[in-house]
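[1] Quick one, fold the following:
(one chain, ligands or ions: 1)
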Amino acid sequence: MTEQEIQRVLVVAAHPDDADIGCGGTMAKWARQGKEITYLICTRGDKGSSDPDMTSERLADIRTGEQRSAAATLGVREVRFLDGRDGELELTLELRKTMAEMVRRYRPDVIFTHDASVHMYDRGNLNHPDHRVVGTTVLDVVYPISRDALHYPEQLAQGLRPHEVHEVYLFMANQPNMAFDISSTIELKVEALRCHKSQFPDGEWVDTWMRQRCQEVGVVHAMAYAENFRHVITR
Ligand SMILES: [Zn+2]
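    Sure, this is the predicted structure:
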């Protein structure tokens, strides 16, 4: 499927900020082109703080707001939260069923999600366990669960027809194999990242970090700024 042919996009991430780090520049560019983009965030990031006075409940509220602001900056049409607990996502049939429902409901042409590798990036950073669960669940659902009508017939009874997704893009990928040019939207990506103040209290730092990272990826592909992905064909 060419970039022009893509109309509906579902981005599935474990925590608030993952989607913006992983593919915010691409989503901002595509939103400008009129593509329909939905964020599905599986937890509210309720453990992501080193402040001894912070509570999970308050942090969840803060991070929900930060994610909504970031998504609005990029032009994402809808943000939906699944209310899993941060650090406690598991490969369960329940999560798989919920994911199948979401895929059948939003009917995306392509999905962006986590790489489920233990390592992310070839540099060897360890991948968060929630990222691995989300990445695995999404791939398990697109092939073959959401496609086959005999899975979760009760969803069909609710009017959610089977849906086939042929292409998935994995962000923060261990072995990326392509990139999208985000030179026209790097400013929006940085602005979106700055919305996550609980995670990046130093706005200047996140600004520099993100520009550098997207520049490093871009150099490889003869682009000023880029985001790279593992492009997975599911059939
Ligand atoms: Zn995360």
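[2] Which residues of the protein lie near the ion?
    Counting by CB under 5 Å from the ion, the chain comes close to the ion at Ala14, His15, Asp18. Using the backbone N, CA and C atoms, a C-beta is placed for each residue, glycine as well.
[3] So what does the second one have for phi and psi?
    When read as degrees, to the nearest 10, the backbone of His15 gives phi -130, psi 160.
[4] For the residue of the chain at minimum distance from the ion, give me its contacts.
    Closest residue of the chain to the ion, CB to the ion: His15 (3.6 Å). If a contact means CB atoms under 8 Å, 6 or more residues apart in numbering, then His15 has Ile41, Cys42, Thr43, Arg44, Gly45, Gly48, Arg63, Asp86, His128, Asp130 as its contacts.
[5] Can you list which of these are found in strands?
    Judged by DSSP state E, strands contain the following of the contacts of His15: Ile41, Cys42, Thr43.
[6] Test my guess that the first one contacts Gln67.
    Yes. Here Ile41 reaches Gln67: they are 6.1 Å apart, a contact under CB atoms under 8 Å.
[7] Please convert the ones in strands among the contacts of His15 to a markdown table, extending it with distance to Arg235, pLDDT and neighbour count.
    Shown next, in a markdown table, are the ones in strands among the contacts of His15 (distance: CB to CB, whole Å; pLDDT from 0 to 100; neighbours: other CB atoms under 10 Å):
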| residue | distance to Arg235 | pLDDT | neighbour count |
| --- | --- | --- | --- |
| Ile41 | 27 | 98 | 27 |
| Cys42 | 25 | 98 | 30 |
| Thr43 | 30 | 98 | 25 |
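[8] Which one of those is nearest to Val219?
    Taking CB to CB as the measure, Val219 lies nearest Ile41 of those, at 30.8 Å.
[9] Quickly find the element holding the closest residue in space to Gln67 that isn't next to it in sequence.
    Leaving aside its sequence neighbours, Gln67 sits nearest to Pro16 (CB to CB, 6 or more residues apart in numbering; 3.6 Å). Pro16 is part of no helix or strand, with elements assigned from DSSP states H and E.
[10] what's near enough to touch Pro16?
    Ile41, Arg44, Gly45, Arg63, Thr64, Glu66, Gln67, Ala70, His196.
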